[in-house]
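Student: Sequence and predicted structure, then a few things I'm wondering about:
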Amino acid sequence: MCADYAGDMELLEGQVTVSVLVGENISIHLGTNVPPDELTLVEYVNGVARPISLREGSFQLAQEKGTHYYGAFARWTSSQNSQVSLGDTSFAFVIRGVEKK
């Protein structure tokens, strides 16, 4: 089954932010034992998606204080045929970068 839902920014409306120290490493865990074949991440800056580099499912939070909006996409494909999709998902999250007191 294939279904499309709201975009990343629409998914974030009304969500509570999580406060994290600026520059901290953030890990993305999908809650599955099967890692995706593809995992991409973008940060939304003034409504524009900017790609964020991931290293083994982790990234470094920006050094700037304030609210940071992210969207992610994960895809699983067949090990026998990379043209066969086993599924994909997208999700969004918001982080508030704070300085250490």
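Tutor: Received the coordinates, thanks. Quick caveat: nothing in here was measured; it's all calculated off a predicted structure.
Student: Can you list the buried residues in the longest strand seen in the chain?
Tutor: Criterion DSSP state E: the longest strand present in the chain is strand 85-98. Across strand 85-98, burial judged by 16 or more other CB atoms under 10 Å covers A92, F93, V94, I95, G97. C-beta coordinates here come from the backbone N, C-alpha and C atoms, glycine included.
Student: same check, this time on stretch 45-61
Tutor: For stretch 45-61, the neighbour count (16+ other CB under 10 Å) marks I52, G57, F59, L61 as buried.
Student: could I get those as a markdown table with pLDDT and secondary structure?
Tutor: Listed next are these as a markdown table, based on pLDDT from 0 to 100; DSSP: H, G, I helix; E, B strand; the rest coil:
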| residue | pLDDT | secondary structure |
| --- | --- | --- |
| I52 | 95 | strand |
| G57 | 90 | coil |
| F59 | 96 | strand |
| L61 | 93 | coil |
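Student: Adding distance to N33, write those out as a markdown table.
Tutor: Supplementary listing: these in a markdown table, determined by distance: CB to CB, whole Å:
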| residue | distance to N33 |
| --- | --- |
| I52 | 25 |
| G57 | 14 |
| F59 | 22 |
| L61 | 27 |
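Student: And the residues you listed, which two are furthest apart?
Tutor: Pairwise distances across the buried residues of stretch 45-61 (CB to CB) peak at 14.4 Å, for the pair G57 and L61.
Student: where's the spatially most central residue of the chain relative to S90, distance?
Tutor: The chain has A72 as the residue nearest its centroid, 3.2 Å off, counting by CA atoms, centre = their mean. Distance, A72 to S90, using CB to CB, to the nearest Å: 7 Å.
Student: likewise I28?
Tutor: Distance, I28 to S90, using CB to CB: 12 Å.
Student: what do these two both touch?
Tutor: Common neighbours of I28 and S90, using CB atoms under 8 Å, 6 or more residues apart in numbering, are A72.
Student: from memory Y70 sits against V94, does it?
Tutor: Yes: the pair Y70 and V94 qualifies as a contact (CB atoms under 8 Å) at a distance of 7.2 Å.
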